[in-house]
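Visitor: Kindly return the folded structure for what I paste below:
(one chain, ligands or ions: 2)
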Amino acid sequence: MYVLGIESSCDETSAAVVRMEEGRREILSNIVASQIEIHRLYGGVVPEIASRAHIEAVSRITYEALETAGIGIGEVGCIAVTSHPGLIGALLVGVNFAKSLAFAHKIPLVAVNHVKAHVAAAYLEYTELKPPFTALVVSGGHTSFYSVDDPTDFVEIGATRDDAAGEAFDKIGRVIGMPYPGGAAMDALAKEGDAKAIKLPSPAIVGDNADFSFSGLKTAALNYINSERQKGVEPSHADIAASYTKTIVDAIVKKTKYILDTHSSRCLVLAGGVAANSHIRGALETLCKSRGVEFCRPSLKLCSDNAAMVAAQGYFEYLAGNFADTSLNASANDDGN
Ligand code: KG4
Ligand code: ZN
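Guide: Ligands and ions are numbered 1, 2, ... in the order given. Sure thing, here's the model as predicted:
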């Protein structure tokens, strides 16, 4: 079956066609129109500008996805659209467009949770992957562990209590002069610095849990940078990136160990934009190898926001009979469904 995916939850308009069948998972097209250059001028995503840019791009991107896949809209068996969580105005553009397309062409419609879609990216590259497994989603909005017993059934077993890891990278990246979003630049710069140069508080919450808190770490890094600047010294950006990254990676490894032990997980799926971080990927690879746990981490282009992952999750929602109709609305929040 051909599934058309549509994604507009933040600052990427994306449409994709994937072919999903028993034993076959193939991406035929995955077109992404990034708005990063526009938002960079403001140092972060401006919600109203994002919505307007989605409106301008969504039909062009969708038809490009169909054309690249070499199929007509009449051959699409299901339309999958991200309906939550995300920026409400941005989500509404994709949801309304998908509803109209589904209604006009009498195609079944399914609503997709963006976080579940990040995890579903793994099915596209690990074609044998099947639940049960443990998923770790690290993105601009999430740092959460899930127990996945079925492709549509996620139970949260750990999460950040405040900011997400992506936000934490972007915030300090910005303070040391990196253009938005600073995550990938922090990743590269961290390789050039001394990870032991600056002592920072761990974002791992103390105790038997898999929770994080990134706000204290952010403040501590900010205070360090400000106090050095007050002394008239510009601290080494590479040392900041290296120390900050190591503190985050160590916390993620610590909580992943806890989750693997307490849930007897045999397989870990790493997902979300921050899953592109080479230090996190390397550390979790080593951890999983040492414990004989299978480690699935999608390639970089499937970690960041894209519609192929939405289509993949949409296929499983379709199989589960979770259809949406023209009353479908968007929601900014993650209700877990
Ligand atoms: O999943 P995503 O594309 O959007 C959300 O759903 O939030 O994640 C975007 C986040 C941004 O904070 C970006 O800086 C971060 O992913 N990111 C990275 C890397 N590449 C992207 N963070 C750390 N290291 C990277 N290599
Ligand atoms: Zn995302």
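
Visitor: mind listing what residue 104 touches?
Guide: Residue 104 makes contact with no residue, according to C-beta atoms under 8 Å, 6 or more residues apart in numbering. Every residue, glycine included, has its C-beta placed from N, CA and C.

Visitor: Is it in a helix, a strand, or coil?
Guide: Assigned by DSSP: H, G, I helix; E, B strand; the rest coil, the conformation of residue 104 is helix.

Visitor: Would you mind measuring from it to ligand 2?
Guide: Per C-beta to the ion, to the nearest Å, residue 104 is found 28 Å from ligand 2.

Visitor: Could you shift the numbering so residue one becomes 42, and keep it that way?
Guide: Will do, 42 is the new start, and the previous item becomes residue 145.

Visitor: who's the closest residue in space to residue 196 that isn't next to it in sequence bridged to?
Guide: Among residues not flanking residue 196 along the chain, residue 188 sits closest, at 4.6 Å (C-beta to C-beta, 6 or more residues apart in numbering). Taking DSSP bridges as the rule, residue 188 bridges to residue 175, residue 196.

Visitor: Which helix in the chain has the most residues?
Guide: Using DSSP state H, we find that the single longest helix of the chain is helix 278-304.

Visitor: how about it, does it reach ligand 1?
Guide: No. Under the criterion of C-beta under 6 Å from any ligand atom, ligand 1 is not reached by helix 278-304; the shortest gap measures 8.1 Å.

Visitor: for that helix, which positions count as buried?
Guide: By neighbour count with 16 or more other C-beta atoms under 10 Å, helix 278-304 contains the buried residues 278-294, 296-297, 299-301, 304.

Visitor: packing partners for that helix?
Guide: strand 174-179, strand 184-191, strand 194-200, helix 206-216, helix 224-231, helix 256-271, helix 319-332 (3 or more C-beta pairs under 8 Å, 6 or more residues apart in numbering; DSSP states H and E).

Visitor: Ramachandran angles for residue 61?
Guide: phi -120, psi 120 (degrees, to the nearest 10).

Visitor: The residue nearest to residue 196 reaches residue 194, doesn't it?
Guide: No. Residue 188 is not in contact with residue 194 according to C-beta atoms under 8 Å; the separation is 9.0 Å.

Visitor: So which of those two has more stuff around it?
Guide: When residue 188 is set against residue 194 and neighbours are counted by other C-beta atoms under 10 Å, the residue ahead is residue 188, at 18 against 15.

Visitor: Name the SS class of residue 169, please.
Guide: Residue 169 - assigned by three-state DSSP - is coil.

Visitor: before we move on, what about residue 122?
Guide: strand.

Visitor: Identify the bridge partners of it.
Guide: Judged by DSSP bridges, the bridge partners of residue 122 are residue 47, residue 152.

Visitor: What number of residues are in the vicinity of it?
Guide: 31.

Visitor: Run through the residues that contact it.
Guide: Taking C-beta under 8 Å, 6+ apart, we find residue 122 in contact with 46-48, 135-136, 138-140, 150-153, 351, 355, 369.

Visitor: I'd like the distance between it and residue 187.
Guide: In this view, residue 122 and residue 187 are 21 Å apart by C-beta to C-beta, to the nearest Å.

Visitor: quick one: contacts for the residue nearest to residue 196?
Guide: Residues near residue 188 by C-beta under 8 Å, 6+ apart: 173, 175, 195, 196, 198, 304.

Visitor: which of those are buried?
Guide: 175, 195, 198, 304.

Visitor: which of those lies closest to ligand 2?
Guide: Using C-beta to the ion, residue 195 is the member of these that sits closest to ligand 2, with 15.0 Å.

Visitor: Grab the nearest non-local neighbour of that closest one.
Guide: Leaving aside its chain neighbours, residue 195 sits nearest to residue 187 (4.4 Å; criterion: C-beta to C-beta, 6+ apart).

Visitor: Residue 55 in helix, strand or coil?
Guide: Taking three-state DSSP as the rule, one finds residue 55 in the strand state.

Visitor: mind checking pLDDT for it?
Guide: Residue 55 is assigned 98 on the pLDDT scale.

Visitor: Make sure it is actually in contact with residue 346.
Guide: Yes. Judged on C-beta under 8 Å, residue 55 makes contact with residue 346 at a distance of 6.5 Å.

Visitor: joint contacts of those two?
Guide: With C-beta under 8 Å, 6+ apart, residue 55 and residue 346 have common neighbours 48, 73.
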